[in-house]
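Chemist: Starting from these lines, generate the structure:
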Amino acid sequence: QVHLVESGGGLVQPGGSLRLSCAASGLPFSLYSMSWYRQAPGKEREFVASIRSSGGETNYADSGKGRFTISRDNAKNTVYLQMNSLKPEDTAVYYCNARLSNARYWGQGTQVTVSS
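Modeler: The predicted structure is shown next:
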């Protein structure tokens, strides 16, 4: 059974940083492309960042370019999202996603709140 478990969310002041982690189990992690999505209250889930299975190619939504960095450690079956210079509009539940061909899995999400 596939499990994706996010952690690292919390309350942070504007301008602060957080590092989210997503630990995967039950799947050949190194073969999967990994992504982060987020969903703010009353809004649709949106793409944040992705990283290919090899870790060699990353993509970011415009909202996070220059502030967010996605990375992965295939030895630890974990993907990370380093978020710097956080803004109140970054407040959302952040979800981890694993994708390989037609297979797609989601974590349960971790809350990030940016507020003074």
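
Chemist: CA only for contacts and neighbour counts going forward, please
Modeler: Noted.

Chemist: Just name whatever secondary elements the helix or strand harbouring Ser50 is in contact with.
Modeler: In this assignment (DSSP states H and E), Ser50 forms part of strand 46-51. If you count contacts as 3 or more Cα pairs under 8 Å, 6 or more residues apart in numbering; DSSP states H and E, strand 46-51 packs onto strand 33-39, strand 58-60, strand 68-73.

Chemist: partners of it, with directions?
Modeler: strand 33-39 (antiparallel), strand 58-60 (antiparallel) (DSSP bridges).

Chemist: For those, could you give me TSV that also reports mean neighbour count?
Modeler: Conversion of those to TSV gives the following (neighbours: other Cα atoms under 10 Å):
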stretch	mean neighbour count
strand 33-39	23
strand 58-60	17
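
Chemist: closest to Gly16 out of the ones you listed?
Modeler: Closest to Gly16 of the strands paired with strand 46-51, according to Cα to Cα: strand 33-39, at 18.0 Å.

Chemist: how big is the angle separating the closest one from strand 68-73?
Modeler: Here strand 33-39 runs at an angle of 140 degrees relative to strand 68-73 (axes from the mean of the first three to the mean of the last three Cα atoms, to 10 degrees).

Chemist: Contacts only, for the residue most central in space within the chain.
Modeler: Centroid-nearest residue in the chain: Trp36, 3.0 Å away (criterion: Cα atoms, centre = their mean). By Cα atoms under 8 Å, 6 or more residues apart in numbering, the contact list for Trp36 reads 47-50, 81, 94-97.

Chemist: Top of the residues you listed by number of neighbours, please.
Modeler: Within the contacts of Trp36, neighbour counts (other Cα atoms under 10 Å) peak at Cys96, which reaches 30 neighbours.
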